[in-house]
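> Attaching a predicted model along with its sequence, questions to come.
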Amino acid sequence: MAEPDGYSKAWLKKYKTTGVPHFQSVAHLYCFNKKFSLYLPYIDSFMHRILLLLLFIPAQLRSQIFPKEGSKLNYRIIGFSFPQIKNAEKCRLEIATGNYNTEDSFRKNIISYIDCDSNKIIAEVPSFGGNYTWRVVYKAKKGTKNELHHFSTLTCPNVDTANIRLRIIQSTEKYKDAYVFLDCTEALYDMKGNPVWFFPGIGKTQYSTNTRDIKITRQGTITLIAADQVYEINYNGAVLWKGPNTGEISGDSIEHYHHEFTRLSNGHYMVLGNENVFMKLPFLREDNLHIATDEQIRKDSNNNYYQRMQFGTVIEYDETGKVVWSWKSSDYFEQSDIYSHTLPDGKYSIKDVHENSFYFDENNNNVYVSFRDISRIIKIKYPEGTVIAEYGNKFDSVNEDVNNDLFYGQHSLGISQDGYLYFFNNNDFKQTNNPKLTMMQEPVSETDSLKIIWQYDCSMEGMNDYEQNIFDQHKVNVGRLPTKNKSLKLRLTSGGNIIELPDHAVFASMSGYFGKVFIINPDKEILWSAVPEKKLKDNIWNTTPLYRASIILKREYLEKLIWNTEMKEK
């Protein structure tokens, strides 16, 4: 039997072994002698593989293309990736506004030509709520053109700049490549005030979810608190991880997550929660108290009275959602000075110390927890859970307010590169006080005390005339309140946060009545500032209430977030 065009039994043996036959031409497949039927099993198998290959290659190429065909994106800064063609070192990305399927219509509406020397590039499209068509032209292949691809950008009220905006007060050149998350709009902005990303919501069509503490992680993801749950999401808004929220630590049906949620450098997650506890009262006057209808008071069979109190918790989860560490403030406060004072009717005067932030100093294994309503910061040894320092005045049974001369109503805290404790000091004990950014040196001995190292008085600069008028009227009206009605006074600031940057400058947000975000250097020079605003009737712009903000300092961090998202979806 003659072999087909020189193909030998050795070739058949190789084919049986590798399953990858080699023909010099298509004709070789048919140039068999009269007994080529002996080869039919091999030909059948080979043609079957060819058909599978023809079907698989387009799918494989499509899987390399981002944005995926027909994608609806919640962002305008987009990672484009596409197949790499051999010997095509240079290529050009072309983007057109609109949805087109013909060469002529596409070319007439191109808005961007971007040269690149790899098979992926990040580009920005001009608006939300738009349709876009794009393709790649490979220069080294005599203008070989990729097929046309299509996507659209979504929109939502929070990125409608005709009604909500981030007004720039002072622009920046130094931080021009940074981006800022605002929780009041659930959006990410460039340093010129343009929204480039928004939180699309989770499992719902409504975009407003009372979202807090949006920030990027070291791992190239986003963490946030939304609708009393904690999430880690990717750039597209897909959920990567969420808190178990089982009530294992709170003893309730859920953990009551609040205020702050952080992914640690080891990949674990740390979050604040709440625990409701009924604490025994030394005595209780019943003459003006309806026990049967007061949900805050319980009475046992021995006529002991208990008052409902809210305490904070700190919970650490591993990647699987298992609790690996926790701390309860109830264990500390039950033995603290807080219970040295009761009201005339016998009830405790402070029902909620309002735990509002934490910072895990992973280098020194310390956890700092801030309590706003008693103006106190507690330092906890990790993982022992023992309290090793308390900062702030002890409770004074004469006054209902804990008047701390160093800080008051503080939010957000951290440890600086030089080892200083820093926090956003709302400083609202007196109505005329402005908030402060404060850095303090911790005591170095038992006889030492906190020392202010650096402090900045936040200004109200940036208010428009309408806001200034309302602000002044509130101050006048509140100033008429009796001192004992402290709870009725206007909180000019409530919330806010502070983040030290690598160059020792500070990024901060002011919250409450007048919200502002800004960057200030150690010499107290404002390097950038902006105010989030919403349009009212008669085209009047008013500050949008802000709780916290965060910063993506470098473009490369945003790019890591973008490419991580694509890698997970391939």
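Looks like it came in fine.

> which residues in the stretch 451-570 of the chain form strands?
Assigned by DSSP state E, counting those that start in this stretch, the strands in the stretch 451-570 of the chain fall at 451-457, 497-500, 506-510, 516-520, 526-535, 541-543, 549-552.

> so what secondary structure elements neighbour the last one?
Which is strand 549-552. strand 179-182, strand 212-216, strand 497-500, strand 506-510 (3 or more CB pairs under 8 Å, 6 or more residues apart in numbering; DSSP states H and E). Where you see a C-beta, it was placed from the backbone N, CA and C, and this is true even at glycine.

> Can you give me the buried ones in the second one?
Read it as strand 212-216. Neighbour-count burial for strand 212-216 flags R212, D213, I214, K215, I216 (criterion: 16 or more other CB atoms under 10 Å).

> As a markdown table, the strands of the stretch 451-570 of the chain with distance to P195 would be great.
Shown next, in a markdown table, are the strands of the stretch 451-570 of the chain (distance: least, CB to CB, whole Å):
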| stretch | distance to P195 |
| --- | --- |
| strand 451-457 | 28 |
| strand 497-500 | 20 |
| strand 506-510 | 17 |
| strand 516-520 | 14 |
| strand 526-535 | 11 |
| strand 541-543 | 16 |
| strand 549-552 | 14 |
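
> Out of these, which is closest to K139?
With CB to CB as the measure, strand 549-552 is the member of the strands of the stretch 451-570 of the chain nearest K139 (32.7 Å).

> buried stuff in that closest one?
Those buried within strand 549-552 under the rule 16+ other CB under 10 Å are A549, S550, I551, I552.

> ok, what's across the strand from the third one?
Each beta-bridge partner of I551 is listed here, defined by DSSP bridges: V180.

> Mind pulling up the pLDDT for it?
Note on I551: pLDDT of 98.

> give me the low-pLDDT residue ranges for the stretch 201-350 of the chain?
For the stretch 201-350 of the chain, applying pLDDT under 70 flags the ranges 203-209, 287-293, 340-341.

> Need the helices and strands packed on strand 549-552 in TSV (columns: distance to N365).
Listed next are those as TSV, based on distance: least, CB to CB, whole Å:
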stretch	distance to N365
strand 179-182	28
strand 212-216	22
strand 497-500	20
strand 506-510	25
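
> any idea how far stretch 183-201 is from the chain center?
Here the centre of stretch 183-201 is set off from its chain's centre by 11 Å, with CA atoms, centre = their mean, to the nearest Å.

> Of all the strands of the stretch 451-570 of the chain, which one comes closest to D300?
The nearest among the strands of the stretch 451-570 of the chain, by CB to CB, is strand 497-500 at 42.3 Å.

> sorry, back to before: ok, the buried residues of strand 212-216 vs P157, which is closest?
For these, the residue nearest P157 by CB to CB is I214; the value is 17.1 Å.

> Hmm, E186 and the closest one touching each other?
Yes. Assessed by CB atoms under 8 Å, I214 is found in contact with E186 at 7.0 Å.

> where do the contact lists of those two overlap?
Here I214 and E186 have F199 as joint contacts, going by CB atoms under 8 Å, 6 or more residues apart in numbering.

> Would you map out the domains in the chain?
4-61, 71-153, 157-569 (automatic domain parsing).

> which SSE is Y332 in?
Y332 belongs to helix 329-333 when assigned by DSSP states H and E.

> CA atoms only for that helix, dumped as CSV, please.
Presented in CSV, the C-alpha positions along helix 329-333 are these (Å, rounded to 0.1, in the frame of the first residue of the first chain):
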residue,chain,number,x,y,z
SER,A,329,-17.2,47.6,74.3
SER,A,330,-19.9,46.4,76.8
ASP,A,331,-17.2,44.5,78.7
TYR,A,332,-15.2,47.7,79.1
PHE,A,333,-18.0,50.1,79.8
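
> Please enumerate residues in contact with that helix?
By CB under 8 Å, 6+ apart, the surrounding residues in contact with helix 329-333 are 275, 277, 309, 311-313, 339, 353, 355, 369, 371, 378, 387.

> End to end on stretch 214-228, go ahead and measure it.
14 Å (CA to CA, to the nearest Å).

> oh, and call the first residue 42 from now on, that's how I've got it
Happy to do that; since the first residue is 42 now, the last one works out to stretch 255-269.

> buried set for that stretch?
Neighbour-count burial for stretch 255-269 [16+ other CB under 10 Å]: I255, K256, I257, T258, G261, T262, I263, T264, L265, I266, A267.

> Could you check how far it is from the centre of its chain?
Distance, centroid of stretch 255-269 to centroid of chain: 3 Å (CA atoms, centre = their mean).

> And for stretch 485-505?
Offset of stretch 485-505 from its chain centre (CA atoms, centre = their mean): 27 Å.

> End to end on it, go ahead and measure it.
45 Å.

> Give the buried residues for the helix holding Y373.
Applying 16+ other CB under 10 Å to helix 370-374 flags S370, Y373, F374 as buried.

> Might you list the low-confidence residue ranges for the stretch 42-191 of the chain?
In the stretch 42-191 of the chain (pLDDT under 70), the answer is 42-104, 128-130, 181-184.

> Do you have the strands of it handy? List them.
112-114, 118-122, 132-138, 151-157, 161-165, 172-179, 185-186, 190-194.

> Mind listing the strands the helix or strand just after the last one pairs with, and their directions?
Right, the one you point to is strand 190-194. Per DSSP H and E, the first helix or strand lying C-terminal to strand 190-194 is strand 205-211. Using DSSP bridges, strand 205-211 pairs in its sheet with strand 567-576 (antiparallel).

> Give me the distance between the two termini of stretch 240-253.
Distance across stretch 240-253, first residue to last, is 11 Å (CA to CA).

> still on that earlier bit, may I see the buried residues of strand 590-593 arranged in CSV, with distance to K388 as well?
As requested, the buried residues of strand 590-593 are exported to CSV (distance: CB to CB, whole Å):
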residue, distance to K388
A590, 38
S591, 39
I592, 43
I593, 47
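
> how far away is the residue lying closest to G170 once chain neighbours are set aside from K576?
Once flanking residues are discounted, G170 sits nearest to T196: 3.5 Å by CB to CB, 6 or more residues apart in numbering. Distance of T196 to K576, given as CB to CB, to the nearest Å: 16 Å.

> quick one, phi psi at K565?
K565 adopts backbone torsions of phi 70, psi 30, taken as degrees, to the nearest 10.

> Could you list which residues are in contact with the closest residue to it other than its chain neighbours?
Once flanking residues are discounted, K565 sits nearest to Y497: 5.4 Å by CB to CB, 6+ apart. Going by CB under 8 Å, 6+ apart, Y497 touches K477, L478, V547, I561, K565.

> need those in JSON lines with pLDDT, can you?
Formatted as JSON lines, the contacts of Y497 follow (pLDDT from 0 to 100):
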{"residue": "K477", "pLDDT": "92"}
{"residue": "L478", "pLDDT": "95"}
{"residue": "V547", "pLDDT": "98"}
{"residue": "I561", "pLDDT": "97"}
{"residue": "K565", "pLDDT": "97"}
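
> Filter those residues down to the buried ones.
For the contacts of Y497, buried by 16+ other CB under 10 Å: K477, L478, V547, I561.

> Show me which of those is closest to D459.
V547 (12.7 Å).

> Looking at strand pairing, list the partners for that closest one.
E541, I561.

> Out of the buried residues of strand 590-593, which comes closest to C132?
Closest approach to C132 among the buried residues of strand 590-593 (CB to CB): I593, at 27.9 Å.
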